[in-house]
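Visitor: structural data only, the sequence is not supplied:
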């Protein structure tokens, strides 16, 4: 009797497998549209590992009920040194060797903005909206500033001023040495917004930034006088959800043009002086766009990578080979585009055609940040482990 039951179970399992195979053959089994695209691994590796700094996570998490503070960016690079946040310290790592050269204590471990480095300073903002500025050579605290809201994006540092944008759409211009507010601009916030903000950029004495209301502003850096503010895209629906038009993607200024894109909206080219629209094409993204030799390249919200002609907005190419793979921001080095994914892969594309030119599997976990400096690539995963690579 026992053998009968065993044979019956084997028969049923075999039948299920056979039926499943038949359904797949006939196309009756529908693939999950949200499943990550399977990679073609028949590409050469383009990276050599120089060094890796591991962060060991405990097997048992005893902080389940503690405050969960997360940032998009945990390291920044300046003058051959990586400034890496590690709890309540910042580590200075030599980009060539991966060796620690200095460790500075921070004022808090509740950092939500990531770290920004430049002009002998590094800055960060905590979950209460307090800005901290340190001397990057000594680590000494120079000043603090309490804001009314948090800063989620990278801080722009110039020789005399710093510019930062809060999640409530207030853009501040502050003195780099003292933290004194020189000016501030408040945008009209929408009823509903995605958690995130664009980072301001500077170009020819102007600050360009987009807001959660889907508008791009051009502001004089010195005194905060606004030259123009224009919508990146037009409204596409009647409900608050359909009206989501957050401008979380950083703008790009090139010659006499500035390009901006937004969520559920458009990629738009503006005249840099007047704000007049030159073209606007449908494109939804919340990630930074990049410019390469007359092309704009961007990851859309479906995680397709799209190349546009920067002159007229016509789509040049589109890659659907990385959909649902949890892609990082795109970075450009020479004529190649680089990005990471949730399985620890680093991808290389030709910037002009979008064709895959390389693939490297690292032993990192889901990649959260990628940067390039002096023909080297630096990558960090979700656990905080960081590695340095040389481009072949």
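Guide: All right, it came through fine. In this text, all values refer to a predicted model and were calculated from it rather than measured experimentally.
Visitor: every contact and neighbour count from this point should use C-alpha atoms.
Guide: Fine.
Visitor: contacting residues around residue 294?
Guide: Going by CA atoms under 8 Å, 6 or more residues apart in numbering, residue 294 touches 309, 310, 311.
Visitor: do residue 272 as well
Guide: 253, 256, 257, 258.
Visitor: once you drop chain neighbours, what's closest to it?
Guide: Excluding the flanking residues, the one nearest residue 272 by CA to CA, 6 or more residues apart in numbering is residue 257, at 4.8 Å.
Visitor: for residue 385, see how far away residue 90 is.
Guide: According to CA to CA, to the nearest Å, residue 90 and residue 385 sit 14 Å apart.
Visitor: in terms of neighbours, single out the busier of those two.
Guide: residue 90 (21 against 17; other CA atoms under 10 Å).
Visitor: so where do the strands sit in the stretch 1-150 of the chain?
Guide: All strands of the stretch 1-150 of the chain, identified by DSSP state E, counting those that start in this stretch, fall at 47-53, 75-78, 81-86, 89-94, 100-105, 116-118, 121-125, 130-135, 141-146.
Visitor: list of residues touching the last one?
Guide: Okay, so that is strand 141-146. Outside strand 141-146, the residues touching it (CA under 8 Å, 6+ apart) are 129, 130, 131, 132, 133, 134, 135, 177, 178, 179.
Visitor: can you list the strands that that strand pairs with?
Guide: strand 130-135 (antiparallel) (DSSP bridges).
Visitor: how about the third one?
Guide: Applying DSSP bridges to the sheet, strand 81-86 is found paired with strand 75-78 (antiparallel), strand 89-94 (antiparallel).
Visitor: quick one, that strand and strand 100-105 angle?
Guide: 50 degrees (axes from the mean of the first three to the mean of the last three CA atoms, to 10 degrees).
Visitor: run through the bridge partners of residue 254.
Guide: residue 257.
Visitor: with mean pLDDT added, can I get the strands paired with strand 81-86 in TSV?
Guide: Shown next, in TSV, are the strands paired with strand 81-86 (pLDDT from 0 to 100):
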stretch	mean pLDDT
strand 75-78	95
strand 89-94	96
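Visitor: using CSV, lay out the contacts of residue 272 together with pLDDT, distance to residue 336 and neighbour count.
Guide: As requested, those are arranged in CSV below (pLDDT from 0 to 100; distance: CA to CA, whole Å; neighbours: other CA atoms under 10 Å):
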residue, pLDDT, distance to residue 336, neighbour count
253, 97, 20, 19
256, 96, 25, 9
257, 97, 23, 19
258, 97, 22, 21
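Visitor: which one of these sits closest to residue 94?
Guide: residue 253 (31.3 Å; CA to CA).
Visitor: was I right about that closest one contacting residue 203?
Guide: Yes: the pair formed by residue 253 and residue 203 meets the contact definition of CA atoms under 8 Å, at 6.7 Å.
Visitor: how about the contacts made by the residue lying closest to residue 151 once chain neighbours are set aside?
Guide: Once flanking residues are discounted, residue 151 sits nearest to residue 166: 4.5 Å by CA to CA, 6+ apart. For residue 166, the contacting residues are 149, 150, 151, 152, 197, by CA under 8 Å, 6+ apart.
Visitor: tell me which of those residues fall in helices.
Guide: Using DSSP state H, no member of the contacts of residue 166 sits in helices.
Visitor: closest to residue 376 out of these?
Guide: For those, the nearest to residue 376 is residue 152 (26.8 Å; CA to CA).
Visitor: from residue 123, how far out is the residue nearest to the closest one when sequence neighbours are not counted?
Guide: Nearest residue to residue 152 in three dimensions, chain neighbours excluded: residue 113, at 4.6 Å (CA to CA, 6+ apart). Applying CA to CA, the value for residue 113 to residue 123 is 9 Å.
Visitor: give me the common contacts of these two.
Guide: residue 155.
Visitor: ok, residue 330 - contacts?
Guide: 288, 289, 290, 298, 299, 337, 338, 339.
Visitor: can you give me the buried ones in the helix or strand in which residue 390 is found?
Guide: Assigned by DSSP states H and E, residue 390 belongs to strand 386-391. If you call a residue buried by 16 or more other CA atoms under 10 Å, then strand 386-391 has these buried ones: 386, 387, 388, 389, 390.
Visitor: repeat that for stretch 262-282.
Guide: 262-272, 275, 277, 279-281.
Visitor: now for those, which pair is the farthest apart?
Guide: 264 and 272 (23.3 Å).
Visitor: for the closest residue to residue 180 other than its chain neighbours, list each beta-bridge partner.
Guide: Leaving aside its sequence neighbours, residue 180 sits nearest to residue 174 (CA to CA, 6+ apart; 5.4 Å). Counting by DSSP bridges, residue 174 forms beta bridges with residue 162, residue 181.
Visitor: counting neighbours, what do you get for residue 174?
Guide: Neighbours of residue 174 using other CA under 10 Å come to 20.
Visitor: show me the shaky parts of the stretch 151-300 of the chain.
Guide: 189-196, 235-247 (pLDDT under 70).
Visitor: now do the strands in it.
Guide: 156-157, 161-165, 170-175, 181-186, 201-203, 206-210, 215-220, 226-231, 252-254, 257-261, 266-271, 277-282, 290-292, 295-299.
Visitor: same list (those strands) but as TSV, adding distance to residue 40.
Guide: Below are the strands of the stretch 151-300 of the chain laid out as TSV (distance: least, CA to CA, whole Å):
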stretch	distance to residue 40
strand 156-157	38
strand 161-165	40
strand 170-175	44
strand 181-186	47
strand 201-203	37
strand 206-210	37
strand 215-220	39
strand 226-231	40
strand 252-254	32
strand 257-261	30
strand 266-271	30
strand 277-282	29
strand 290-292	25
strand 295-299	19
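Visitor: quick check: buried residues in stretch 96-116?
Guide: Within stretch 96-116, the residues that count as buried by 16+ other CA under 10 Å are 98, 103, 104, 106, 110, 111, 112, 113, 114, 115, 116.
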